[in-house]
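Asks: Sequence and predicted structure, then a few things I'm wondering about:
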Amino acid sequence: MRENVAALLKLGRIPTGEISAELFEQYDLLLQTEEALTYEEAAALMPLFSDGSQDDISDESNDLNWALLHAVETVYAAEPARYQALIGQCGSAAWKELLQTRLNNALKKRGNT
């Protein structure tokens, strides 16, 4: 497991309320990665999504959740058959729904509905 993923796991779930600039920067730096996550790394990170809808969380938390979502989506290209199971492991109902909607839209575009 990469160091940034292990460090994210130590930070834990992205807070829903206001967060300090320092904590935001810690998450943000760790979520910035050039390489796709492995399936195992993405699965380990799925519980980190903030609980609640996008309207219920702070702007900073929302930005971090979107960064996490984009990182998790990198798995789809490498392991599309396992990606659906990965979505099922999401720790937030709202973000799980968004991941599923985005997958469904991608499949429609590819003609795989």
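Replies: Now that the structure is in, tell me what you want to look at.
Asks: Surely Ala106 and Tyr76 touch.
Replies: Yes: at 7.3 Å, Ala106 and Tyr76 qualify as touching, with contact defined as CB atoms under 8 Å. (Each C-beta comes from the backbone N, C-alpha and C, glycine too.)
Asks: who's more crowded, these two?
Replies: Comparing Ala106 with Tyr76 by other CB atoms under 10 Å, the one with more neighbours is Tyr76, at 20 against 14.
Asks: And the helix or strand in which that one is found, what's buried?
Replies: Element membership of Tyr76, judged by DSSP states H and E, is helix 59-78. For helix 59-78, a neighbour-count test (16 or more other CB atoms under 10 Å) marks 60-65, 67-69, 71-76 as buried.
Asks: Poorly predicted segments of this structure, please.
Replies: Low-confidence segments of the chain (pLDDT under 70): 52-58, 112-113.
Asks: do that again at 80, thanks
Replies: For the chain, the stretches flagged by pLDDT under 80 are 17, 52-58, 79, 110-113.
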